[in-house]
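> sequence unknown, structure follows:
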């Protein structure tokens, strides 16, 4: 299905320039409102992450907590030339910790960040009125109900999920508008990190499913064919849906530098500041040294929100929101 003829013909790379990243960091550092949001998110992350870590598997956990594919364990042992179980045993704890965190980290980010930017967290039971949504905001002045379904990464969606999201939006849009006293519903399928280039394109099929399931009497006002959005009218009701991935989503949520604010909050909450090492570490990932390189920064560059030793973490996170860096 990823090769559907109506998919956008080409998806350009999302490229970031390091100078722009550090210029944005400086701008955020000089903005009292931005710094207040960062500190609020930092505090919430510290609390939630601390609670979550206590429940993760550790070296005292029993084998049943490390339910991992035995085939993966054997293939990995072959790669590492292991000959004793004791050798792979030391890899099990960090591997399980990563997989455990993966399932809950996105949800934690949603709950911390949405309220900071004026959105309500939607906590509804399955198949209830607003269970499709993770966040919402009502603009009575413009008579618009704004809702979003959020996923952690660009490849987490499958065909069934895409169909269900599209169908449920069409089924629920009218009641959302009536319940909140508005005339327009603006829906976003948002992805917390990654790019459209990295997407498995199942997200686009949400739009196709909306077109196929919208009411027969409705009028299409903006086609999804070759695009990442769709809009239609159903009598007086206007409905629109857009796929927003990574930086697009964060800019939509809170403005141009929202993703920078998020990264700063995460770094402050998770990374202890240290001085920059005098020697360059040895990396296994071949392009990581180039990704983390901050040699282009002048020696006098200084911000209060992050220490210089934490700046490589900003680039490390930024790479997860892009397809690469450009010097142009």
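On my side now, so go ahead. All values reported here derive from a predicted model rather than from experimental measurement.

> for the stretch 1-150 of the chain, which segments are assigned as strands?
Using DSSP state E, counting those that start in this stretch, the strands of the stretch 1-150 of the chain run over residues 15-16, 120-121, 135-139, 144-151.

> which of the ones you listed sits most buried?
Mean neighbour count (mean count of other Cβ atoms under 10 Å) peaks for strand 144-151 among the strands of the stretch 1-150 of the chain, with a mean of 22. For every residue, glycine as well, the C-beta is placed using N, CA and C.

> other SSEs contacting that one?
Applying 3 or more Cβ pairs under 8 Å, 6 or more residues apart in numbering; DSSP states H and E, we find strand 144-151 packed against helix 85-116, strand 135-139, helix 159-180, strand 184-191.

> now with 10 Å?
Here strand 144-151 touches helix 85-116, strand 135-139, helix 159-180, strand 184-191, helix 202-213, strand 237-245, helix 247-254, going by 3 or more Cβ pairs under 10 Å, 6 or more residues apart in numbering; DSSP states H and E.

> tell me where the stretch 201-328 of the chain has strands.
219-222, 229-234, 237-245, 324-325.

> closest one to residue 261 among those?
Distance to residue 261, taken as Cβ to Cβ, is lowest for strand 237-245 among the strands of the stretch 201-328 of the chain, at 17.0 Å.

> give me the sheet partners of the closest one and which way each runs.
Each strand paired with strand 237-245, and its direction, by DSSP bridges: strand 184-191 (parallel), strand 229-234 (antiparallel).

> and it with strand 144-151, angle?
Interaxial angle, strand 237-245 versus strand 144-151 (axes from the mean of the first three to the mean of the last three Cα atoms, to 10 degrees): 30 degrees.

> could you give the angle of strand 237-245 to helix 247-254?
Put simply, strand 237-245 runs at 130 degrees to helix 247-254, going by the same axes, to 10 degrees.

> before we move on, back to that, so which of the helices and strands packed on strand 144-151 gets nearest residue 10?
Of the helices and strands packed on strand 144-151, nearest to residue 10 by Cβ to Cβ is helix 202-213, at 13.2 Å.

> about what we covered before: for the strands paired with strand 237-245, state which one has the densest average packing.
With neighbours defined as mean count of other Cβ under 10 Å, the strands paired with strand 237-245 peak in mean count at strand 184-191, which reaches a mean of 23.

> mind checking how far the residue most central in space within the chain is from residue 151?
Nearest residue to the geometric centre of the chain (Cα atoms, centre = their mean): residue 192, 1.0 Å. Distance, residue 192 to residue 151, by Cβ to Cβ, to the nearest Å: 7 Å.

> kindly report the same for residue 78.
Distance from residue 78 to residue 151, by Cβ to Cβ: 33 Å.

> likewise residue 238?
Taking Cβ to Cβ as the measure, residue 238 falls 25 Å from residue 151.

> and if you look at residue 203?
To residue 151, residue 203 is 8 Å away according to Cβ to Cβ.

> any common contacting residues for the two?
Common neighbours of residue 203 and residue 151, using Cβ atoms under 10 Å, 6 or more residues apart in numbering, are 157, 161, 165, 189, 190, 191, 245.

> redo these as a markdown table? Include pLDDT.
Below are the shared contacts of residue 203 and residue 151 laid out as a markdown table (pLDDT from 0 to 100):
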| residue | pLDDT |
| --- | --- |
| 157 | 92 |
| 161 | 95 |
| 165 | 96 |
| 189 | 98 |
| 190 | 97 |
| 191 | 96 |
| 245 | 97 |
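
> cheers, nothing more for now.
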